[in-house]
Every structure is written in structure tokens, then in C-alpha cells.
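Enquirer: Okay, sequence plus prediction incoming.
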Amino acid sequence: MIIIDGYNFIKCSGFPLPKNVDLVTQREHLLKILQSSPILRGKHLLIVFDGGQNFPLSKNFRGKNIEVIFSGKHKKADDVIQDIIRKKASTTHLEIISSDRAIINTARDHGAKFLTSQEFWRKIQSRYKKPGEKNNLSEEKEKSLSEEEVKEWILLFKNRQSEDET
């Protein structure tokens with residue numbers, strides 16, 4: 001089972017989100033992406049969102065392997081996810097997706113696998129690339145700063161440090 005910290009994943013850098021959309025649309029966009037991901041086929045997903053169940057899901061959503069729960073009015077999704085991790089008899093079959101440090105620590109303490117939201121998004125995204133096409137990670141690794149750029153950055157940091165001291 002993969003447990004996803006819903007809003008944490010939506011807000012991660014790189015996640016494609018249409019501009020100026022409400023929470024319902026953001027959630028539906030996430031569910032569509034997860035539902036269509038080839039690497040998630042056949043896997044049970046539990047997405048946990050903050051808040052009460054006054055946020056309806058679209059009637060068009062038909063996720064056989066996707067379950068959505070809301071934390072409730074007085075509880076955070078983080079707490080719900082941590083409770084699930086603690087209560088599971090076998091956490092070796094859990095994969096937790098969140099960039100929240102407390103959730104990651106709980107997962108680690110209980111032997112569950114975990115990925116940050118950004119790592120999970122890159123993993124999903126890499127499966128959509130065409131053969132031979134570079135993904136963002138390999139492109140980033142190939143880029144390096146020139147000696148001149150390094151000197152420029154050092155100068156900027158030194159100037160910033162002297163400004164902060166005054």
C-alpha cells in the first residue's frame with residue numbers, strides 16, 4: 001500500500017497544477033494523474049487530505065485502487081498518516097509519500113519505505129518519458145557551474161553576509 005500526504009504532494013515543486021484553481025480541482029487533478037500513472041497500476045493507494053469530508057470528490061472519479069480519506073475537522077492528515085503507520089502490524093509493505101519530516105521519521109522508525117513528495121513525483125514523471133528522452137534529474141546532473149559562475153556566487157554570498165552583519 002502507498003500512503004500519500006495529499007496536500008503535501010500537491011504543493012511539491014514540479015507538480016503541474018493549473019493556475020488559480022480551488023481545492024476540489026487540485027484534488028481531482030492529483031487523482032487523475034495518480035490513476036493514469038503506469039507505475040501505480042495494480043497498487044493500492046491511500047491519499048490522506050486535511051479537513052472534513054465536506055469536500056466532495058467528483059462523480060466522474062472511479063478509482064478502483066485509490067482510496068481517499070479526510071483527516072477530520074480537528075486532526076491533521078499528518079497525524080492520520082502517522083497513526084496508520086504505528087497501527088500497521090507489518091510496515092514493510094507500506095510506502096509513505098510525504099516531505100513532512102515528522103511523517104518521514106515515523107516511517108523510518110517503523111521500518112516503512114518512504115519517498116519525499118518531490119522524489120515520488122520525479123518517479124512518476126520519469127515513466128512518462130519516451131525512450132532516449134532525458135528526464136529532469138539527468139539533465140540537472142549534467143549541468144555544472146563554470147569557474148566564473150562559482151566565483152560570482154561566492155561573491156554574492158560574501159556581499160550578502162556583509163549586508164546581514166551591518
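Expert: Nice, thanks for sending it over. Predicted, not measured: the structure shown is a model, and the values here were computed from it. Numbering: from 1, shown residues only.

Enquirer: center of this protein - which residue?
Expert: Centroid check for the chain by C-alpha atoms, centre = their mean gives Ser117 as the closest residue, at 2.1 Å.

Enquirer: check contacts around that one.
Expert: Residues counted as contacts of Ser117 (C-beta atoms under 8 Å, 6 or more residues apart in numbering) are Asp5, Asn8, Phe9, Lys11, Cys12, Phe15, Ile97, Ser98, Ser99. C-betas here are computed from N, CA, C, even on glycine.

Enquirer: Now intersect the residues you listed with the helices, please.
Expert: When helices are assigned by DSSP state H, the members of the contacts of Ser117 inside them are Asn8, Phe9.

Enquirer: returning to that earlier point: who are the contact partners of the residue nearest to the residue nearest to the centre of the chain when sequence neighbours are not counted?
Expert: With sequence-adjacent residues excluded and distances taken as C-beta to C-beta, 6 or more residues apart in numbering, Ser117 is closest to Cys12, at 3.7 Å. With C-beta under 8 Å, 6+ apart as the criterion, the residues that contact Cys12 are Ser99, Thr116, Ser117, Gln118, Trp121.

Enquirer: for the first one, what are its contacts?
Expert: If I follow you right, that is Ser99. For Ser99, the contact set (C-beta under 8 Å, 6+ apart) comprises Asp5, Asn8, Cys12, Thr116, Ser117, Gln118.
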